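J.: need coordinates for the following:
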Amino acid sequence: MTKQWNEMTPEEKREERLKSWTNPRGVKFNSPEAARKYMERTKRLQDAILLKEPDRVPVILPVGNFPAYYAGLNLKTMMYDYAALVNAWTRFIQDFGDDMDSFNGPALTYPGKALEIMDYRLYKWPGHGLGDNVSSYQFVEGEYMKATEYDALINDPGDFMLRTILPRHFGAAQALQKFVSLTSVYGRPLNTIHPFALPDVRATFQAFMDAGKEWEHWQKFVFGLMRDSTAAGFSSFRGTMATAPFDIIGDSLRGTQGAILDMYRQPDKLLAALDRITPVMIRHIIEQVNAGGGFMVTFPLHKGDDVFMNDKQFEKFYWPTLKQTILALRNEGIMSYLFAEGKFERRLEAITDLPGSWTVWQFDQTDMARAKKIVGKTACILGNVPSSVMCTGTPETVTQYCKKLIEDCGPGGGYILTGGAQATESTPANFKAMMAAARKYGVYR
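T.: You can find the predicted model right below:
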């Protein structure tokens, strides 16, 4: 008898999720060779993330927005010309695909027109606050939630985000401040109509609709590219993007300075807010993964590194709710991909407090040999060729760096060669050197 979902173990649930990765539904491969390559690549990656020895060390190129520049274009063009975006990434696949084990696509190359419609205030981007040839976004640091507003967040997080925070994140959403509290309409659903009598409220919702229409248009190109890349034999495994609970507070609510001050001035309020938003976030993440049919969630850990907070603060404010999130996802058969930005030298022992083979850790500036000895016992590790090496080094420099990483981290499996961060301004020769190093030095059998 087939088990019901709620009767399965986490491992059984993960196995079911992995099937949709290894055998993608509705995909007609371009050729038998493409199908064979897809299975070969997914097995190589799956073996690595489950701490097994694949045939060789997998390699994921830290391309960033490199495909745009390789095609003679730039990020600004990619954000506004979706056909050019697809053409650039398609050319990149054709020219670099032979030894590339994973293709992650341009899903983070957001549609500039949609951001403009909403007057999005958390980013500057090329042509909108930055020069046309700048190759990445710039996050706009700010105190979007005041120090006195913790109670509002804790008491009703949905209402607080809708009527207080969104108007601060989107210039086009100012009229949401006049919108009705949805928790106040129990028994009186007609109250939800009243705000729409105001022209500026209608204009705000129209802006969301217009931006959504543009987002849908952009998705057709990006999703089409991903389907085509899968049909050509390439897989992607990083899955849904999410944010660590502390980083929700420290990034887009209180900001860096505010979060630091709150750890000292009102730690109880900060902890209460983290406890309040974490289960809400977990539920949302699981819904997203289920809708997309994936098995992995990626968390860029913005403020968990050695520099931002000390060990006691990490153990008190950062790790508990992140660990809670990882374990909750595990219960649903979902793995967590943690991008440990900055240095995690002092965090390595703490982050091993998790079940084995359920996390994937990409390290940026952490000693990889030490990470292999400590974290590699229970988790797959990735990294960490520096962007400086990829962008300014020679192919020989890249080769030797990759060789050393493979020697330190490859034995026993559970290692994927990639960059410490993205390397948009690298060279074709250096990307090819990285792939060649994995093929030459990373063979297990």
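J.: which SS class is W361?
T.: When classified by DSSP: H, G, I helix; E, B strand; the rest coil, W361 comes out as strand.
J.: and it, how many neighbours?
T.: Counted with other CB atoms under 10 Å, residues neighbouring W361 total 25. Every C-beta, even on glycine, is put in place using the N, C-alpha and C of the backbone.
J.: just list whatever residues bridge to it.
T.: L338, I381 (DSSP bridges).
J.: what's the pLDDT at it?
T.: Reading off the confidence values, W361 has pLDDT 98.
J.: how about the contacts made by M296?
T.: Listed by CB atoms under 8 Å, 6 or more residues apart in numbering, the contact set of M296 reads 237-240, 334-337, 360.
J.: give me phi/psi at it?
T.: Backbone torsions for M296, taken as degrees, to the nearest 10, come to phi -140, psi 150.
J.: ok, so what distance separates Q266 from M161?
T.: 20 Å (CB to CB, to the nearest Å).
J.: equivalent analysis for P199, please.
T.: To M161, P199 is 24 Å away according to CB to CB.
J.: now the helices for the stretch 101-250 of the chain?
T.: Along the stretch 101-250 of the chain, the stretches classed as helices by DSSP state H, counting those that start in this stretch are 112-118, 150-155, 157-160, 166-169, 199-231, 245-252.
J.: out of the ones you listed, indicate the one that is most buried.
T.: helix 245-252 (a mean of 23; mean count of other CB atoms under 10 Å).
J.: which elements pack onto it?
T.: If you count contacts as 3 or more CB pairs under 8 Å, 6 or more residues apart in numbering; DSSP states H and E, helix 245-252 packs onto helix 255-265, helix 267-292, helix 319-331.
J.: tabulate those helices (TSV), appending distance to T427, mean pLDDT and mean neighbour count.
T.: Conversion of the helices and strands packed on helix 245-252 to TSV gives the following (distance: least, CB to CB, whole Å; pLDDT from 0 to 100; neighbours: other CB atoms under 10 Å):
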stretch	distance to T427	mean pLDDT	mean neighbour count
helix 255-265	33	97	16
helix 267-292	34	97	16
helix 319-331	36	98	19
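J.: quick one: which of these is nearest H128?
T.: Across the helices and strands packed on helix 245-252, H128 has its closest neighbour in helix 255-265 (20.8 Å, CB to CB).
J.: which regions of this protein sit below the pLDDT cut-off?
T.: Residue ranges of the chain with pLDDT under 70: 1.
J.: which of the helices of the stretch 101-250 of the chain sits closest to I416?
T.: By CB to CB (comparing all of the helices of the stretch 101-250 of the chain), the closest turns out to be helix 199-231, at 18.6 Å.
J.: against which helices or strands is the helix or strand hosting T90 packed?
T.: Per DSSP states H and E: T90 is located in helix 82-96. Here helix 82-96 touches helix 66-70, helix 75-80, helix 199-231, helix 428-441, going by 3+ CB pairs under 8 Å, 6+ apart.
J.: please verify my assumption that M390 contacts Q422.
T.: No - the criterion here is CB atoms under 8 Å, and M390 misses it with Q422 at 9.0 Å.
J.: identify the contacts common to these two.
T.: P62.
J.: quick one: contacts for D367?
T.: So D367 contacts E345 (CB under 8 Å, 6+ apart).
J.: more neighbours, M390 and Q422?
T.: Each of M390 and Q422 has its neighbours counted (other CB under 10 Å); M390 has more, 29 against 19.
J.: contact partners for that one?
T.: For M390, the contacting residues are 62, 398, 419, 423, 426, 430-431, 434, by CB under 8 Å, 6+ apart.
J.: buried ones in the one helix or strand S388 maps to?
T.: In this assignment (DSSP H and E), S388 forms part of helix 387-392. With burial defined by 16 or more other CB atoms under 10 Å, the residues of helix 387-392 counted as buried are 387, 389-390.
J.: cool, and stretch 428-443?
T.: 430-438, 441-442.
J.: cool, and stretch 131-143?
T.: Of the residues in stretch 131-143, 134-135, 137, 142 count as buried by neighbour count, 16+ other CB under 10 Å.
J.: CSV for those residues, including distance to I193?
T.: Converted to CSV, these look like this (distance: CB to CB, whole Å):
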residue, distance to I193
V134, 44
S135, 46
Y137, 38
G142, 34
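J.: check these and tell me the two furthest apart.
T.: Longest span within the buried residues of stretch 131-143, CB to CB: S135 and G142, 23.1 Å.
J.: show me where the stretch 1-150 of the chain has its strands.
T.: Using DSSP state E, counting those that start in this stretch, the strands found in the stretch 1-150 of the chain span residues 123-126, 129-130, 138-139.
J.: pull the distance from the second one to the chain's centre.
T.: It stands for strand 129-130. 23 Å (CA atoms, centre = their mean, to the nearest Å).
J.: ok, now which ones touch the residue nearest to E141 when sequence neighbours are not counted?
T.: Nearest residue to E141, sequence neighbours excluded (CB to CB, 6 or more residues apart in numbering): G255, at 5.5 Å. Taking CB under 8 Å, 6+ apart as the criterion, G255 is in contact with 141-144.
J.: from T392, how far off is G131?
T.: 21 Å.
J.: for P386, that is, sorry about that
T.: 10 Å.
J.: what does W361 give?
T.: In this view, W361 and T392 are 26 Å apart by CB to CB.
J.: cool, G414 as well?
T.: 30 Å.
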